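Visitor: Output the structure for:
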Amino acid sequence: MGRCPNCKEFGTVEAVVEEVRKSSAKAKQNRQPIGTNRAQPQKLKDVDMREHDRLYVPMQEFSRVLGGGLVPGSILLLGGEPGSGKSTIMIQVASLLANEHGTVLYVSGEESSRQIKMRAERLGIHADDLYLLTETNLGNIFEHVNQLDPVVLIVDSIQTTYSEELDSSPGLVSQVRECASRLQGLAKSAGVTVFMIGHVTKEGNIAGPRVLEHIVDTVMYLEGDLLQQFRLLRTVKNRFGATSEVGVFEMVGSGMIEVPNPSEAFLAERVVNAPGSAIAVTMEGTRPLLVEVQALTNPTAFGNARRTSNGIDYNRLLLLTAVLGKRMGMRLFEQDIFVNVVGGLKIDEPASDLGTAIAIASSYYEKSLPADMAFIGEIGLSGEIRTVNQLGMRLNEASKIGFKRVMIPKMRRKIDDIPPKLKLIEVRNIADAFRAAMPDD
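Guide: Residues are numbered from 1 along each chain as shown. Model (predicted):
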């Protein structure tokens, strides 16, 4: 069938495959996860919370993404592009957890134990309680879990794991769903924390059924490719902490190392007084980040001007371009516009609008911006500058990095906890912002 009658897309209709389940005694025995017992209803006030104390993770950036540590009995899913470093960061975390809390079982269906050992030696990993297992049969994995009784189980990857109860091949929808459900039962009944590493599709989503993300407690993505220095570990779902948290890592020869101050790292190679460069203060979860937004305008050689964005939403760039052309009279319809966020970071919040618009104007007029000025604000269709949330945290981060001036929207009420020696430039619309950032000579 070519075109789906529901979503109107081509090539999205999958063939229906009959699933034949085995009814043997062995299959029924394997289906029962360890530690399973019949749950009994209890009053909310009688629920014992002591067994749910978080496990300390000796990697601060990883712990931040999780919400402050690992919750026993939770199940987590990590996805990322090939080569982003999923296996590298997980073997590092496994080693740290083994040294801190006891037995950790690392199950690999893609690499042999010798390959994992070679990576561990390259990363300088030495953990006595870290066990390696090369296995894809879920029943065999459960047997080893019964024997070792690990604190943490890592499955790399869920697409290579299969259950003998189904006759379908590993990686198919039915197998991925069944294996994830069985691992969820293991985590909830036995109190084992389970990590699942998942492949991603060409669209960047975790491969397999969407129910896979509903089964787990936390969904994390490791963003970055071979050409980028930094890797961003981002949560899109977390039942035990804030979503959209970001941990910043740097990939080096010895593995993933933490970047405790990402703002300084993103601004380390900044060229001061270069036209088209502005500093925007954005929020990633509960963390404020200062990033450099670069813009380049150039007269188009063709009939239709190009718009290219890297790190910001393409539609947001079109909106800002339209506002600048309509409200400021800038002839951007005859200019190719290129916008880039330095460091490979992706910005998806409107608070970076002012920095992006100022960078475009700076390149268009060939005027450099003050090196000690940062920009915070959302731009409306009328050209007005709108307020943003968590302004105090953004200002403190800018002051800590060393900025002296910050352009913000005109506030209706007094801002509390303004950092000392930080000058606030309040503007109502984009015209006021241009005059303050690029005064006439």
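Visitor: Three-state assignment for the nearest residue to residue 281 once chain neighbours are set aside, please.
Guide: Leaving aside its sequence neighbours, residue 281 sits nearest to residue 394 (Cβ to Cβ, 6 or more residues apart in numbering; 4.3 Å). Glycine gets a C-beta too; all of them are placed from N, C-alpha and C. For residue 394, the secondary structure call by DSSP: H, G, I helix; E, B strand; the rest coil comes out as helix.
Visitor: Can you name the residues that contact residue 394?
Guide: 281, 283, 288, 351, 376, 388, 406 (Cβ atoms under 8 Å, 6 or more residues apart in numbering).
Visitor: Compute the distance between it and residue 430, please.
Guide: Distance of residue 394 to residue 430, given as Cβ to Cβ, to the nearest Å: 19 Å.
Visitor: Likewise for residue 294?
Guide: 19 Å.
Visitor: who's the residue most central in space within the chain bridged to?
Guide: By Cα atoms, centre = their mean, the mean C-alpha position of the chain lies nearest to residue 234, the distance being 1.9 Å. Residue 234 forms beta bridges with residue 221, residue 246, as assigned by DSSP bridges.
Visitor: which residues touch it?
Guide: 65, 220, 221, 222, 223, 244, 245, 246, 247, 284.
Visitor: Among those residues, which one is most surrounded by other residues?
Guide: Sorting these by how many neighbours each has (other Cβ atoms under 10 Å) puts residue 247 first, at 27 neighbours.
Visitor: how about low-confidence regions in the stretch 101-250 of the chain?
Guide: 202-204, 225-227 (pLDDT under 70).
Visitor: how about the helices in it?
Guide: Counting by DSSP state H, counting those that start in this stretch, the stretch 101-250 of the chain has these helices, from start to end: 113-123, 138-148, 173-190, 211-215.
Visitor: Point out the most buried one among these.
Guide: helix 173-190 (a mean of 21; mean count of other Cβ atoms under 10 Å).
Visitor: what packs against it?
Guide: strand 75-80, helix 138-148, strand 152-156, strand 193-198, helix 211-215 (3 or more Cβ pairs under 8 Å, 6 or more residues apart in numbering; DSSP states H and E).
Visitor: Go through the ones you listed and name the closest to residue 119.
Guide: With distances scored as Cβ to Cβ, the stretch of the helices and strands packed on helix 173-190 nearest to residue 119 is strand 152-156 (11.6 Å).
Visitor: nearest residue to residue 168 other than its sequence neighbours?
Guide: Residue 168 sits nearest to residue 174 (Cβ to Cβ, 6+ apart), 5.0 Å away.
Visitor: can you list the domain ranges for this protein.
Guide: As given by automatic domain parsing, the domain ranges for the chain are 55-260, 265-437.
Visitor: Pipe these into JSON lines and attach distance to residue 46 per row.
Guide: Shown next, in JSON lines, are the domains of the chain (distance: least, Cβ to Cβ, whole Å):
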{"stretch": "domain 55-260", "distance to residue 46": "18"}
{"stretch": "domain 265-437", "distance to residue 46": "32"}
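Visitor: which stretches of the stretch 301-441 of the chain have low pLDDT?
Guide: Using pLDDT under 70, the stretch 301-441 of the chain drops low at 441.
Visitor: The same query, at a cut-off of 50, please.
Guide: The stretch 301-441 of the chain contains no residues with pLDDT under 50.
Visitor: residue ranges for the helices of it, please.
Guide: Going by DSSP H, counting those that start in this stretch, the stretch 301-441 of the chain shows helices at 314-328, 353-365, 391-401, 430-437.
Visitor: and those helices, which is most packed in?
Guide: For those, the highest mean count by mean count of other Cβ under 10 Å goes to helix 353-365, at a mean of 25.
Visitor: by contact count, what packs against that one?
Guide: strand 277-284, strand 287-299, helix 314-328, strand 335-341, strand 373-375, strand 378-379, helix 430-437.
Visitor: contacts for it?
Guide: 275-281, 293-297, 312, 316-317, 320-321, 323-324, 328, 330, 332, 335, 337, 339, 368-369, 374-379, 385, 407, 430, 433-434, 437-438.
Visitor: Select only the buried ones of the residues you listed in PyMOL?
Guide: The PyMOL command for the buried members of these (criterion: 16 or more other Cβ atoms under 10 Å) is given here:
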select buried, resi 275+276+277+278+279+280+281+293+294+295+296+297+312+316+317+320+321+323+324+328+330+332+335+337+339+368+369+374+375+376+377+378+379+385+407+430+433+434+437+438
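Visitor: Please identify which of the domains of the chain is closest to residue 42.
Guide: domain 55-260 (15.4 Å).
Visitor: what distance separates the start and the end of that closest one?
Guide: 21 Å (Cα to Cα, to the nearest Å).
Visitor: quick revisit: distance check, the residue nearest to the centre of the chain against residue 44.
Guide: 33 Å.
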